[in-house]
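Asker: coords please:
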Amino acid sequence: MITAPFDRLRSFWRAFTPSQRVAAVISVLYLVAWCARAAGLKVPAMGLLNFLFAWALFIWFLMLFGWVRHRVLWGLRNRLLVAYLFIAVVPILLLVSLWGIGAYILYAQLGSYVLSQEVNHTLSRMQALADTALESRLFSPAQMRPVSSQAPVAENGAALASMASSGTLDARKALSIPGVEVLPGEGDGLLPDSSESGPRHFMGLVQRGDQLWLRAVAGRGSSGNEEVLSVSVPVTPDLLDSFALELGRIRWDIVGPEAPGQARQQGIRITEGKDENARILVPIRGIASRRRLLPARAHWFDMEITGLSNFQAVNLEDPPGHRRDFPVIASFFARPSRLNHELFASLGDLSSVPFVLMMVVGGMFLVIEAAALITGVVLTRTITKSVDDLYRATQRVKAGDLAHRIRDVRNDQLGALASSFNEMIASVARSLEEQRQRERLENELAIAREVQNQLFPRTIPRVPGLHLVASCRAARMVSGDYYDFIRLSDAELAFVIADIAGKGISAALLMASLQASLRSQLLDKQGIGSTADVITLLNRHLLATTPEDRFATLFFGIYNSESRLLRYTNAGHLPPLYFSDAGVIRLEVGGTIVGMFKECEFEQGSITLEPGSLLAAYTDGISEPENAYGEQFGRQRIIEVIQRNRAQRPEAILDSLVAAVEQWASSPEQADDMTILLASGF
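Answerer: Prediction:
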């Protein structure tokens with residue numbers, strides 16, 4: 001019970017690579033060090049351990065990535081889906097992201113441009129008002145009292161009325177700016193230096209502490225006798241409410257130097273310079289519009305956009321000639337639909353048409369891409385389902401289910417592959433069934449061969465004055481050839497060699513029937529007459545028990561050891577050869593084949609087997625094998641082989657004859673049964 005977890009841990013550890021084992025050790029050490037630090041203990045070399053733990057985390061990440069990749073990408077469907085993800089989805093996301101970032105930058109810059117133009121137009125109107133006031137001479141240098149549009153009309157009614165009537169359109173518009181003030185004699189320090197006596201101008205933002213103004217200054221005359229006049233507008237929420245109606249909420253942040261010892265300010269921090277004299281600028285005041293509201297969305301893509309714009313304000317607290325510029329950070333909110341009116345203002349009522357066309361084209365592209373993606377996914381599912389069906393079918397076949405077939409066969413190449421798979425499995429099933437039938441038949445043939453081997457004589461009988469040898473080599477599992485030795489008495493021995501028509505099991509069955517009939521006659525002592533009588537009875541038996549197309553050839557003889565006389569009958573068999581000092585004699589006396597004709601006569605022949613003689617009986621499996629040129633081995637070559645080996649024992653003669661026949665045929669397969677019976681007199 002306790003060893004099981006340790007065995008699993010040991011097998012898990014053995015599955016690690018060396019780098020993963022090192023990473024595991026480092027992770028355990030880091031966990032122990034972290035627990036020690038949590039307990040308040042001091043851990044040496046913690047920095048090195050942190051670095052090693054980062055490396056271990058990288059190793060674990062690679063291991064996790066490999067595991068996920070193997071689990072996710074093992075299936076073909078997941079591989080194709082990941083391929084489509086990188087081929088189709090990722091580019092779409094990148095294009096959409098690029099389009100969104102580009103659109104955001106475009107509209108943010110457009111909003112910044114609109115706000116900058118609004119500020120510049122306001123300063124231009126203020127400059128026109130300053131020029132008008134300076135040229136109308138309504139304010140002499142001695143009259144240093146400011147004139148404000150917010151003051152009571154009784155105080156400056158005549159001056160303002162005169163400027164409104166004699167000024168330009170921009171000057172008249174400037175008088176409607178909230179908080180506009182005309183300041184005679186102020187702003188000399190803002191004018192650019194010039195040696196000429198012509199007019200000088202300044203137009204921009206000025207700052208003193210946390211106060212900010214829009215200011216336009218006009219000056220003319222020579223040095224020492226110059227007339228200067230300023231038009232100033234404080235930056236207030238009311239002023240921001242009047243700016244750029246295409247935009248939503250507007251906020252301006254005034255920045256200034258960070259005082260020594262000042263608490264760290266949140267928000268924007270700007271560092272100017274890189275040396276020890278560098279200064280840090282921090283927000284000191286924010287001015288925001290109050291009544292501006294961002295309009296509702298005109299459509300789904302009409303998202304809220306936040307933009308920034310940077311203005312420069314002259315610091316009035318610095319002495320003239322050494323004044324620095326401080327940045328003023330302007331932020332705003334906007335809708336693309338409102339900015340489109342500004343962007344396409346030249347089209348008038350058709351200003352929304354380009355945006356609509358762009359959205360329609362973009363929508364068409366998205367629809368086409370979505371259709372392509374859906375088509376790819378559908379095709380992928382078709383492919384992967386076919387492959388999955390094939391995989392499952394192979395697993396079923398591997399488990400031994402040869403009856404399984406793929407049912408969902410499509411009309412495409414994968415469907416053809418599925419059909420081929422079904423045909424292949426059906427063919428394999430037929431082949432296996434045929435193999436089983438063949439094995440069953442071979443088993444039956446093996447049993448038949450064992451039975452047939454029992455029909456052949458197990459031992460060669462010993463006969464005085466005669467040396468007998470015999471051999472039967474079947475071309476198939478069972479043989480259609482037959483030889484037998486039957487002892488009739490102490491002095492007489494019957495022997496037979498036969499060749500059954502056909503091959504295989506049918507010939508073997510006929511051979512068994514012939515053997516049974518022959519033995520039943522010979523073992524019945526009263527039924528033995530001449531060899532011709534025995535063959536006549538055998539012919540009648542085969543006619544009664546076998547089909548018409550079944551027959552046999554045989555040579556049957558009875559040898560008497562006392563008289564050395566051999567009585568024989570040749571029933572259509574190849575004539576045995578009798579070798580003696582007088583020459584070679586063919587034993588042909590007998591008749592026709594047995595088992596074919598009802599009325600036929602057989603004769604008996606005789607011959608004396610003298611000492612030193614040799615009788616050779618054989619079947620056509622010895623004489624008829626052909627060489628590569630179609631020439632048979634023939635009787636003459638049989639005679640020559642036996643003549644060459646007459647001096648040897650019968651067993652050696654038999655082996656030499658079989659070897660000569662096999663060498664002549666030069667074929668790995670035996671065409672016919674080869675049976676030989678030799679009787680040597682001594």
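Asker: what about the nearest residue to residue 578 once chain neighbours are set aside, distance to residue 490?
Answerer: Spatially, and ignoring its direct neighbours in sequence, residue 578 is nearest to residue 585 (4.3 Å; Cβ to Cβ, 6 or more residues apart in numbering). Glycine gets a C-beta too; all of them are placed from N, C-alpha and C. The gap separating residue 585 from residue 490 is 28 Å, by Cβ to Cβ, to the nearest Å.
Asker: repeat that for residue 658.
Answerer: 33 Å.
Asker: these two - which one has more neighbours?
Answerer: Legend: neighbour count by other Cβ atoms under 10 Å for residue 658 and residue 490, higher for residue 658 (17 against 10).
Asker: that one sits in which helix or strand?
Answerer: helix 650-665 (DSSP states H and E).
Asker: need the residues that contact that helix.
Answerer: 467-469, 471, 473, 614, 622, 625-627, 633, 637-638, 641-642, 644-646, 648, 671, 674, 676, 678-680 (Cβ atoms under 8 Å, 6 or more residues apart in numbering).
Asker: do stretch 627-644 as well
Answerer: In this structure, residues lying in contact with stretch 627-644 by Cβ under 8 Å, 6+ apart are 574, 577, 579, 584, 614, 616, 618, 622-626, 653, 656-657, 660-661, 664-666.
Asker: buried residues in stretch 481-501?
Answerer: Using 16 or more other Cβ atoms under 10 Å as the test for burial, stretch 481-501 gives 481-486, 492-501.
Asker: same check on stretch 47-54?
Answerer: Buried residues in stretch 47-54, defined by neighbour count with 16+ other Cβ under 10 Å: 49, 52-53.
Asker: return the alpha-carbon coordinates of it using CSV.
Answerer: Taking Å, rounded to 0.1, in the frame of the first residue of the first chain, the C-alpha atoms of stretch 47-54 are listed here in CSV:
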residue,chain,number,x,y,z
GLY,A,47,19.5,36.1,-5.6
LEU,A,48,21.2,33.2,-7.3
LEU,A,49,18.3,30.9,-6.2
ASN,A,50,15.8,33.3,-7.8
PHE,A,51,17.8,33.2,-11.1
LEU,A,52,18.0,29.4,-11.1
PHE,A,53,14.2,29.2,-10.3
ALA,A,54,13.5,31.4,-13.3
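Asker: ok so, going back, now, of the contacts of stretch 627-644, which are buried?
Answerer: For these, buried by 16+ other Cβ under 10 Å: 574, 577, 579, 614, 616, 618, 622-623, 625, 653, 657, 660-661, 664-665.
Asker: which member of these is positioned nearest residue 44?
Answerer: residue 665 (92.6 Å; Cβ to Cβ).
Asker: what's the burial count for residue 639?
Answerer: Neighbour count for residue 639, taken as other Cβ under 10 Å: 14.
Asker: again, but for residue 242
Answerer: Residue 242 has 16 nearby residues by other Cβ under 10 Å.
Asker: what sits against the nearest residue to it once chain neighbours are set aside?
Answerer: Sequence neighbours aside, residue 178 is the residue nearest to residue 242 in space, at 6.3 Å (criterion: Cβ to Cβ, 6+ apart). Residues near residue 178 by Cβ under 8 Å, 6+ apart: 233, 236, 238-239, 242.
Asker: before we move on, the earlier item: save the buried residues of stretch 47-54 as TSV, and put in distance to residue 110 and secondary structure too.
Answerer: TSV is the format used below for the buried residues of stretch 47-54 (distance: Cβ to Cβ, whole Å; DSSP: H, G, I helix; E, B strand; the rest coil):
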residue	distance to residue 110	secondary structure
49	53	helix
52	52	helix
53	49	helix
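Asker: for residue 404, which three-state class applies?
Answerer: Secondary structure, DSSP: H, G, I helix; E, B strand; the rest coil: residue 404 is coil.
Asker: that one contacts residue 397, correct?
Answerer: Yes - judged on Cβ atoms under 8 Å, residue 404 makes contact with residue 397 at a distance of 6.4 Å.
Asker: so what sits against both of those two?
Answerer: residue 425.
Asker: the bottom helix or strand of this structure by mean pLDDT?
Answerer: strand 147-148 (a mean of 48; mean pLDDT, DSSP states H and E).
Asker: for residue 477, grab phi and psi.
Answerer: Main-chain dihedrals, residue 477, degrees, to the nearest 10: phi -60, psi -40.
Asker: likewise for the one 5 residues further on?
Answerer: In this entry, residue 482 is assigned phi and psi values of phi -150, psi 140 (degrees, to the nearest 10).
Asker: please tell me how far it sits from residue 241.
Answerer: 129 Å.
Asker: how about residue 630?
Answerer: Residue 630 is 120 Å from residue 241, by Cβ to Cβ.
Asker: who's more crowded, these two?
Answerer: Taking neighbours as other Cβ under 10 Å, residue 630 and residue 241 compare with residue 241 leading, 16 against 6.
Asker: what average pLDDT does the helix or strand hosting the more buried one get?
Answerer: According to DSSP H and E, residue 241 maps onto helix 237-242. Averaging pLDDT along helix 237-242 yields 90.
Asker: which residues are in contact with that helix?
Answerer: Applying Cβ under 8 Å, 6+ apart, the contact partners of helix 237-242 are 177-179, 214, 233, 250-252, 287-292.
Asker: and those residues, which of them are in strands?
Answerer: Among these, the ones falling in strands (DSSP state E) are 214, 233, 250-252, 287-288.
Asker: filter the residues you listed to the buried ones?
Answerer: When these are checked against 16+ other Cβ under 10 Å, the ones flagged as buried are 214, 233, 250, 252, 287.
Asker: mind splitting this structure into its structural domains?
Answerer: Following automatic domain parsing, the chain resolves into domains at 20-73, 111-287+306-340, 456-681.
Asker: how distant is the shortest one from the center of its chain?
Answerer: Going back to what we said before, that points to domain 20-73. 33 Å (Cα atoms, centre = their mean, to the nearest Å).
Asker: then the longest one?
Answerer: On the basis of Cα atoms, centre = their mean, the separation between the geometric centre of domain 456-681 and that of its chain is 71 Å.
Asker: how far does it stretch from start to finish?
Answerer: Using Cα to Cα, to the nearest Å, the end-to-end distance of domain 456-681 comes out at 23 Å.
Asker: try the second one
Answerer: With Cα to Cα as the measure, the first residue of domain 111-287+306-340 is 10 Å from its last.
Asker: low pLDDT regions in the stretch 251-400 of the chain?
Answerer: 259-279, 344-356, 358-359, 376, 379 (pLDDT under 70).
Asker: can you give me the helices in it?
Answerer: 336-343, 353-398 (DSSP state H, counting those that start in this stretch).
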